[in-house]
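Participant: Need the 3D shape of this:
(4 chains)
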2 protein chains.
Amino acid sequence: MNIILSHLKIQVNEKIYVKDPETSPLGKKIVEQSILLIDEIGFDNFTFKKLGEKIGSNESSIYRYFENKHKLLVYLSSWYWSWMEYKLVFATTNILDPTEKLNKAITIVTEKVTNDTSTEHINEAILNKIIIAEFTKTVQTKEVDQENKEGFFLIYKRVINRIVGIVKEVNPEYPFAKSLVSTIVEGSLHQHFLTEHLKTITDCNESVSTTEFYLNLTTNVLR
Amino acid sequence: MNIILSHLKIQVNEKIYVKDPETSPLGKKIVEQSILLIDEIGFDNFTFKKLGEKIGSNESSIYRYFENKHKLLVYLSSWYWSWMEYKLVFATTNILDPTEKLNKAITIVTEKVTNDTSTEHINEAILNKIIIAEFTKTVQTKEVDQENKEGFFLIYKRVINRIVGIVKEVNPEYPFAKSLVSTIVEGSLHQHFLTEHLKTITDCNESVSTTEFYLNLTTNVLR
DNA sequence: TCATTATTGATAGTAATACTATTATATTTG
DNA sequence: CAAATATAATAGTATTACTATCAATAATGA
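Facilitator: Modelled structure (predicted):
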């Protein structure tokens, strides 16, 4: 996995950035350090000025890569889901049994990411923390319909629908495949958040438990 | 229901506001009109200055009721979940069969709110729209642990755990009652959002469908 | 290698946001 | 009617979220 990914460039919709951050050292530094800073102070308190100070670079230079911090978060999310899609594809290819394939897929999307080192400048474990804490903010805006039209959430929707395909293999009769998968993917992020902050309304406590919960749920729903 | 609620004062944690908005006409106006304005322009674009202009009142007067717009949203959410708790209690009281009671409870929390007129100055249907679009923002902040300690999310957690109790009546063996219920409650908000904005990753299309999906899911999971 | 071009940095500036403070003016209540 | 309270008006500050301009540096290619 690590070997394969190190040769792959994660594809992100061009409209999300002003200049592709993958094309320069400064761009990579922006992506790398923004992940650390957002994790540290939270997206709401994050500003390009603070990021500039952190990377010893000018605020205005960052604006040459991203229009605003919202777009940067959309970029990080797209990168994350694109990376997740690779993980999904590689993990489920060659598995013939649909149930086994689905279990594998659910495990991949619901488990907490720890210490994946497939890319040099992106810390996937911390990016996963950001997605857990901030992902819904990328869609929950007044501009969602416009941005959806422009393809900002394409990769996310593709990940969902890829798993929907597997669900349909397991049980073609089940009428809520899309809602089930979107509930699992978004819900598992939420469960990880609850595990961390609102422990009294979740049973999940370690990485494995969230996955267990959703594997159990899926099995019961589709049988 | 309407008659009963008109005599009830929804209780909200005192720490959320500077001055209880229920105690004055201006306070009520702030609550009433903030719901309309947040629905109209979105929470991110909402400011106390704009609200002041809308209600023909001064920005500084609003600050005497709420420290900042985040606290106002927490107040609106608390009000919503408190109101939801009343609906839950009244709808499930006197139902003896646990399964029937659970189905009723799930229907209440997952269905879209339409035209409830139990309180004069709060439009519950529009408040429901705000909760669908903005609720996660009340918890997904860097201050969540501190605010949780201060009891900001108590009512929300109580609603969840009330339903958890019913789940345990239906199936005491099921090991993920809390995660199931928090997934349903948060997930149904998300499904309503998807129905409105990202239709390709949900099967829900009208109010009834989201409820159907979760009723079906719960039945399958708990049997 | 030198000239061109692209990239980054530094500085300045604007409008809006998120408040706080002060004082004046109503309004309520005892 | 006086005292207390609530609201409005105005002003002011620090920060945010940018945009614009120009200088300095680095990369490239003829």
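Participant: which residue of chain A sits farthest from its center?
Facilitator: Distance to the chain centre peaks in chain A at A:E173, reaching 29.1 Å (criterion: CA atoms, centre = their mean).
Participant: by contact count, what packs against the lengthiest helix in chain A?
Facilitator: In chain A, taking DSSP state H as the definition, the longest helix is helix A:69-92. Applying 3 or more CB pairs under 8 Å, 6 or more residues apart in numbering or on different chains; DSSP states H and E, one finds that helix A:69-92 contacts helix A:2-5, helix A:25-41, helix A:98-110, helix A:124-139, helix A:154-170. Just so you know, the C-beta spots here come from the backbone N, C-alpha and C atoms, and that holds for glycine as well.
Participant: If you count neighbours, what's buried in the last one?
Facilitator: Buried residues in helix A:154-170, counting neighbours by 16 or more other CB atoms under 10 Å in any protein chain shown, are found at A:154-160, A:162-164, A:166-167, A:170.
Participant: and for that helix, what are the contacting residues?
Facilitator: Residues outside helix A:154-170 that contact it (CB atoms under 8 Å, 6 or more residues apart in numbering or on different chains) are A:12-13, A:77-78, A:81-82, A:84-85, A:88-89, A:92, A:98-99, A:101-102, A:105-106, A:109, A:174, A:177-178, A:180-182, A:184-185, A:218, A:222, B:198, B:200-201.
Participant: tell me what the helix or strand just after that helix is packed against?
Facilitator: Using DSSP states H and E, the helix or strand that follows helix A:154-170 in sequence is helix A:177-197. In terms of contacts (3+ CB pairs under 8 Å, 6+ apart), helix A:177-197 is packed against helix A:98-110, helix A:124-139, helix A:154-170, helix A:207-222, helix B:144-149, helix B:177-197, helix B:207-222.
Participant: So what's the gap between helix A:177-197 and the chain middle?
Facilitator: In terms of CA atoms, centre = their mean, to the nearest Å, the centre of helix A:177-197 is found 12 Å from the chain centre.
Participant: ok, so of the buried residues of helix A:154-170, who is nearest chain B?
Facilitator: Ranked by distance to chain B (CB to the nearest CB), these are led by A:I160 at 4.5 Å.
Participant: tally of neighbours for the residue lying closest to A:S57 once chain neighbours are set aside?
Facilitator: Excluding the flanking residues, the one nearest A:S57 by CB to CB, 6 or more residues apart in numbering or on different chains is A:L26, at 6.4 Å. Counted with other CB atoms under 10 Å in any protein chain shown, residues neighbouring A:L26 total 17.
Participant: can you pull the buried residues of the longest helix of chain A?
Facilitator: For helix A:69-92, by 16+ other CB under 10 Å, it's A:69-85, A:87-88, A:92.
Participant: Get me the contact residues on chain A for DNA strand C.
Facilitator: A:19, A:23-27, A:56-61, A:64 (CB under 7 Å from any atom of the strand).
Participant: One more pass at 6 Å, please.
Facilitator: For chain A, the contact set with DNA strand C under CB under 6 Å from any atom of the strand comprises A:S24, A:L26, A:S57, A:N58, A:S60, A:S61, A:R64.
Participant: which of those are buried?
Facilitator: For these, buried by 16+ other CB under 10 Å: A:L26, A:S57.
Participant: which among the residues of chain A next to DNA strand C are in contact with DNA strand D?
Facilitator: Contacts with DNA strand D within those, counted by CB under 6 Å from any atom of the strand: A:S60.
Participant: Can you list which of the residues of chain A next to DNA strand C are found in helices?
Facilitator: Using DSSP H, the subset of the residues of chain A next to DNA strand C located in helices is A:L26, A:S60, A:S61.
Participant: Now those residues in JSON lines, please, with extra columns for distance to A:F213 and pLDDT.
Facilitator: Converted to JSON lines, these look like this (distance: CB to CB, whole Å; pLDDT from 0 to 100):
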{"residue": "A:L26", "distance to A:F213": "42", "pLDDT": "95"}
{"residue": "A:S60", "distance to A:F213": "47", "pLDDT": "94"}
{"residue": "A:S61", "distance to A:F213": "44", "pLDDT": "95"}
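Participant: quick check, nearest of these to A:E143?
Facilitator: Distance to A:E143, by CB to CB, is smallest for A:S60 among these, at 23.9 Å.
Participant: which residues sit in contact with that closest one?
Facilitator: A:S60 touches nothing, counting by CB under 8 Å, 6+ apart.
Participant: Output the below-cut-off pLDDT ranges for chain A.
Facilitator: When residues are selected by pLDDT under 70, those of chain A lie in A:1-9, A:116-118.
Participant: Can you name the residue of it nearest to DNA strand D?
Facilitator: In chain A, the residue that lies nearest DNA strand D is A:N68 (2.9 Å; CB to the nearest atom of the strand).
Participant: any idea how far that residue lies from DNA strand C?
Facilitator: The gap separating A:N68 from DNA strand C is 13 Å, by CB to the nearest atom of the strand, to the nearest Å.
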